[in-house]
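**Q** using only what follows, build the 3D model:
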Amino acid sequence: MVRLARDGRSIPEPTPVTAPFFKAAADGRFLLQTCPRDGAFFYPRARCPKCWRADWSWAEASGQGKIHAFTIDRIGHDPTQKELAPFVIALVDLEEGPRAVAQIVECEAEAVRAGMPVKAVFDLFQPADGGDPTPILRFRPAA
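**A** Model prediction:
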């Protein structure tokens with residue numbers, strides 16, 4: 001089942017595996033899972049995507065990265081996001097190594113460029129079902 005925010009956008013449902021990530025995100029902290037053999041990985045999952053072992057641990061991350069590539073949605077392809085257009089979705093190379101996908105905020109779409117330094121931020125999305133707010137990863141230009 002897809003969980004929806006009050007504005008109609010889909011939001012993730014934390015699971016036992018992802019709950020520590022979302023708990024830290026609600027406090028503004030960015031955690032990454034780290035495999036003792038293969039290093040950090042993202043998005044949160046039950047097993048390392050390289051060795052498939054489950055002996056990873058959570059580690060505090062810097063939240064710093066650089067935009068690898070991006071796209072600008074100027075028309076709102078998802079009907080629930082038409083009012084938000086234009087907005088930027090980017091692939092961000094994190095300082096710790098993994099790559100994350102997220103919206104770029106606090107920046108005009110035309111100012112976004114590949115190689116641009118960014119910092120992780122979390123916006124709280126209010127679920128339509130009245131549950132607890134869910135923090136969603138975003139990136140803003142680094143100062």
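
**Q** show me the contacts for the residue located most distally from the centre of the chain.
**A** In the chain, the greatest distance from the average C-alpha position (Cα atoms, centre = their mean) is reached by Arg37, at 24.0 Å. With contacts defined as Cβ atoms under 8 Å, 6 or more residues apart in numbering, the neighbours of Arg37 are 48, 50-51, 53. Bear in mind the C-beta positions are built from the backbone N, C-alpha and C, glycine included.

**Q** likewise Phe122?
**A** Here Phe122 is in contact with 25-26, 28, 30, 135-138 (Cβ under 8 Å, 6+ apart).

**Q** tell me the most packed of the contacts of Arg37, by neighbour count.
**A** Cys48 (19 neighbours; other Cβ atoms under 10 Å).

**Q** my read is it is in a strand, agree?
**A** No. Under the criterion used here (DSSP: H, G, I helix; E, B strand; the rest coil), Cys48 is coil, not part of a strand.

**Q** Asp38 versus that one, what's the distance?
**A** Here Cys48 is placed at a distance of 5 Å from Asp38 (Cβ to Cβ, to the nearest Å).

**Q** over to Asp129?
**A** When distance is defined by Cβ to Cβ, Asp129 is 37 Å away from Asp38.

**Q** list the buried residues of stretch 98-106.
**A** Of the residues in stretch 98-106, those buried by neighbour count under the rule 16 or more other Cβ atoms under 10 Å are 98, 100, 102-104.

**Q** what residue ranges in this protein score low on pLDDT?
**A** Along the chain, segments meeting pLDDT under 70 span 1.

**Q** in it, which spans are strands?
**A** If DSSP state E is used as the criterion, the strands of the chain fall at 3-4, 10-11, 31-35, 39-41, 57-60, 64-73, 87-94, 99-104, 117-125, 134-141.

**Q** need the winner for burial among those.
**A** Relative to the other members of the strands of the chain, strand 31-35 carries the highest mean neighbour count by mean count of other Cβ atoms under 10 Å, namely a mean of 21.
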